[in-house]
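> Kindly generate the corresponding structure for this input.
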Amino acid sequence: MSWYIPARSSSVKIVPPTRPPIPAKNGFPVLKAVSGRVVRGNDIADAGSRKPSREWTLTEKKELVSANRDVIRDAQAAVRLPYYEANTDTSINYDPAYYKRLRSLVTTLTLAADVAWEAGKQAESVGYYLDAVTLSRHILSRVGLLGHIYGLSCEGIAQNHLWRRLPEMNADIMAHCLTRLNALSAERVPFYVALEEEKYSIQRKALEVMEQPEKVRANGARNAITSYANVVPRTYVLDTMGGYMDKLIAQTKRPYIKRGGGIAVPEERYTRMFAPEGATGRWIATVAEMDDALVRTVLALRIYKARKGKFPASLSELVGARLLPAIPNDPFALPGTPLRYKLLRADRYLLYSIGSDGSDDGGKRIERKSTHRQGSKETYEGARGDMLPRWDMF
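Residues are numbered from 1 along each chain as shown. The predicted structure follows:
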């Protein structure tokens, strides 16, 4: 036991992940403040939902947008600034409520877009939609898992609205959308970055509780945690936790199709208390990446047809036409594998991703299970079948 006391009392250093420099002008604090000014956020979310609790008239929607006109203006200005959110999730007292407010800001922008669209103002409407997508990608900045999942949720909201309007867009509007989405695609933050930040966050929290075990009061756990903190070496806890997170990070850096099986959470008490069970959110992040690849490719295909009167024989023609910088890869397939595309006739094509089961089913949509989301048009991890664009018009 002579080694135990110095091991417990020895100082430890938690090394943060490598991060980019903080920009001189930073949109994050501005957007965080603006999001706190949203008026009637719950009504905005309901009015813009595909399944609202009641029918909202266009007049009512206009009133909601009008009440938030200054918020929308300031948000649109702020999303054009560089964005950097410092990871402050380092205490068990951390309050992430501002992520809900940022999501409310995204739904405010999409509602403004809906209202403008219904008024026949396509260019203005698409500007709001794209700003909502931009804000969502900003939220995916160097933050831990919670922030990343919120960002993915926001991106899904914005992309749903964009998909819904895409069939009615004219060629100029589609070209504007594609230009911005191509630029945003190059800025996407990899999911493993969220795990790097999560590792830093949970190690800081574990050290805080070891040094101040009285902060843990839930369910009478205080005495057990206090006793554990009094005897366990801090280096053991942080090394165990860090080793587990390093395995998750390494797994997440591998292609989705080569990710391998689950990684068991160590039995160490603090690791089980704070660490995620597996690479939570990896599938959601990959679906978002795939959806972005699909929407950009669909936009490029429709622009190509508007200009030439037919769809291309191959996706490489979209690159030759300078509509895409490169053929989008399928994030569910091996690296360098593009989305599947087949020209069926001059005005009809098949475009798809192989999906999370890793099998090319020739463009057959995922199978539905009566026991899982019956009637849903959404997919789920491991579903058999391929993932196609969000409507059946092709």
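> now this structure, which segments are flagged as low pLDDT?
For the chain, the stretches with pLDDT under 70 are 1-10, 216-223, 367-379, 391-394.
> What is the top helix by length along it packed up against?
Across the chain, the longest stretch assigned as helix under DSSP state H is helix 282-308. Taking 3 or more CB pairs under 8 Å, 6 or more residues apart in numbering; DSSP states H and E as contact, the helices and strands that helix 282-308 lies on are helix 145-165, helix 171-185, helix 191-211, helix 316-320, strand 348-352. Any C-beta I mention is one placed from the backbone N, CA and C, and that applies to glycine too.
> Serialize these to a markdown table and add fields for mean neighbour count and distance to residue 340.
Shown next, in a markdown table, are these (neighbours: other CB atoms under 10 Å; distance: least, CB to CB, whole Å):
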| stretch | mean neighbour count | distance to residue 340 |
| --- | --- | --- |
| helix 145-165 | 21 | 19 |
| helix 171-185 | 17 | 19 |
| helix 191-211 | 22 | 23 |
| helix 316-320 | 16 | 14 |
| strand 348-352 | 18 | 5 |
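> out of these, which comes closest to residue 247?
Nearest to residue 247, of all the helices and strands packed on helix 282-308, is helix 191-211, at 10.1 Å by CB to CB.
> Following element in sequence after that closest one, please.
Later in the chain than helix 191-211, the nearest helix or strand by DSSP states H and E is helix 222-231.
> quick one, what contacts the residue nearest the centre of the chain?
Nearest to the mean C-alpha position of the chain, counting by CA atoms, centre = their mean, stands residue 152 at 2.0 Å. For residue 152, the contact set (CB atoms under 8 Å, 6 or more residues apart in numbering) comprises 136, 140, 281, 284, 285, 288.
> can you do 10 Å?
With contact taken as CB atoms under 10 Å, 6 or more residues apart in numbering, residue 152 is in contact with 136, 137, 139, 140, 191, 194, 281, 284, 285, 287, 288, 289.
> Could you report the distance from it to residue 284?
Per CB to CB, to the nearest Å, residue 152 is found 5 Å from residue 284.
> Spit out the residues that contact these two alike.
Common contacts of residue 152 and residue 284 (CB under 10 Å, 6+ apart): residue 191.
> Widest-spaced pair of the contacts of residue 152?
The most widely separated members of the contacts of residue 152 are 139 and 287, with 16.6 Å between them, by CB to CB.
> Now render the contacts of residue 152 as CSV, adding distance to residue 231.
Below are the contacts of residue 152 laid out as CSV (distance: CB to CB, whole Å):
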residue, distance to residue 231
136, 45
137, 45
139, 40
140, 40
191, 36
194, 33
281, 34
284, 39
285, 39
287, 44
288, 44
289, 45
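> ok, back up a step: tell me how far the longest helix of the chain lies from the chain's centre.
Offset of helix 282-308 from its chain centre (CA atoms, centre = their mean, to the nearest Å): 16 Å.
> JSON lines for the helices and strands packed on helix 282-308, including distance to residue 36?
Formatted as JSON lines, the helices and strands packed on helix 282-308 follow (distance: least, CB to CB, whole Å):
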{"stretch": "helix 145-165", "distance to residue 36": "16"}
{"stretch": "helix 171-185", "distance to residue 36": "25"}
{"stretch": "helix 191-211", "distance to residue 36": "23"}
{"stretch": "helix 316-320", "distance to residue 36": "42"}
{"stretch": "strand 348-352", "distance to residue 36": "41"}
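> can you tell which of the ones you listed is closest to residue 77?
helix 171-185 (16.0 Å).
> What is the neighbour count of residue 101?
Neighbours of residue 101 under the rule other CB atoms under 10 Å: 17.
> Repeat that for residue 51.
Counted with other CB under 10 Å, residue 51 comes out at 5.
> Give me the three-state assignment for it.
Look at residue 51: counting by DSSP: H, G, I helix; E, B strand; the rest coil, its state is coil.
> now swap in residue 384 and tell me
Under the three-state scheme (three-state DSSP), residue 384 adopts coil.
> Where does residue 344 sit, in terms of helix or strand?
Counting by DSSP H and E, residue 344 is part of strand 340-345.
> and that strand, what other elements does it pack with?
Contacts defined by 3 or more CB pairs under 10 Å, 6 or more residues apart in numbering; DSSP states H and E place strand 340-345 against helix 282-308, strand 348-352.
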